[in-house]
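Asks: turn this into a structure:
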Amino acid sequence: MITELFASVTSWYFEHINYGTVVLLMSIESSFIPFPSEIVVPPAAYKAAQGTLNVAGVFFAATAGALIGAIFNYYFAYFLGRAMLYRLADSRIAHFFLITRKTLEKAESYFIKYGRSSTFIGRLVPAVRQLISLPAGFAKMNFKRFLLFTALGSGLWNFILVLLGYFLYAQKELLEKYYTNISIFFLVCGVVFFGYMIYKGLKKEKNIS
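Replies: Next up is the predicted model:
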């Protein structure tokens, strides 16, 4: 059912690409509803390459949408609290949106280990991107810092997607190849970042002892 809904929304989007639909779908993508930004931003950037839209407008619309979705998640978790969110994660409704206790635990573990930096790096990591705002919310992270790190992470990811769509969307096979390379690149960056944080933590613990 979720696949059919996804296909319907995608088909509708390709017929109605504008700044408003970019904001709307990126808000959905940034919330807990699974909808990949890779099929929202590049087509809009391609339209910009054709002169139908403005490339800067696409970037800002995508980033604004990502912030709206992230803010929704943040306050949703802020007011519901951790216990209620985990109860919801065990429900059928959450499973319909591909959210389980395991995915929520993964996002929370990521947030606990890397703190506020996780809301920046997490925006670049698949499977964490949409949910990282939830632990930030129920941990009551400083909202201004949350907004700053989320804007930076979302902006960086959207900038890459805009560039890919603007220059490469006409060559779909090449675009898919670059998506794979980018995913690998960010995975490596994530591993390096995690390694650095672990090293820093061990070094600090050694100095204390």
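
Asks: pull the contacting residues for the residue nearest to residue 18 when sequence neighbours are not counted.
Replies: Leaving aside its sequence neighbours, residue 18 sits nearest to residue 53 (Cβ to Cβ, 6 or more residues apart in numbering; 7.1 Å). (C-beta placed from N, C-alpha, C; glycine too.) Neighbour list for residue 53: 17, 18, 19, 44, 47 [criterion: Cβ atoms under 8 Å, 6 or more residues apart in numbering].

Asks: how close does residue 53 sit to residue 148?
Replies: Counting by Cβ to Cβ, to the nearest Å, the gap from residue 53 to residue 148 is 27 Å.

Asks: do the same with residue 83
Replies: 28 Å.

Asks: same check, this time on residue 99
Replies: With Cβ to Cβ as the criterion, residue 99 and residue 148 are 26 Å apart.

Asks: who has more neighbours out of those two?
Replies: Set residue 99 next to residue 148 and count neighbours by other Cβ atoms under 10 Å: residue 99 wins out with 23 against 14.

Asks: thinking again about what came up before, what about the contacts of residue 53, which one has the most neighbours?
Replies: Neighbour max across the contacts of residue 53 (other Cβ under 10 Å) = residue 44, 30 neighbours.

Asks: in terms of helices and strands, where is that one?
Replies: Using DSSP states H and E, residue 44 maps to helix 41-49.

Asks: got the CA positions of that helix in PDB?
Replies: Taking C-alpha atoms only, helix 41-49 is exported to PDB below (Å, rounded to 0.1, in the frame of the first residue of the first chain):
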ATOM      1  CA  VAL A  41      15.000  17.900  -5.700                       C
ATOM      2  CA  PRO A  42      16.800  16.700  -8.800                       C
ATOM      3  CA  PRO A  43      13.700  16.800 -11.100                       C
ATOM      4  CA  ALA A  44      13.000  20.400  -9.800                       C
ATOM      5  CA  ALA A  45      16.600  21.300 -10.500                       C
ATOM      6  CA  TYR A  46      16.300  19.900 -14.000                       C
ATOM      7  CA  LYS A  47      13.200  22.100 -14.500                       C
ATOM      8  CA  ALA A  48      15.400  25.000 -13.400                       C
ATOM      9  CA  ALA A  49      18.000  24.000 -16.000                       C
END
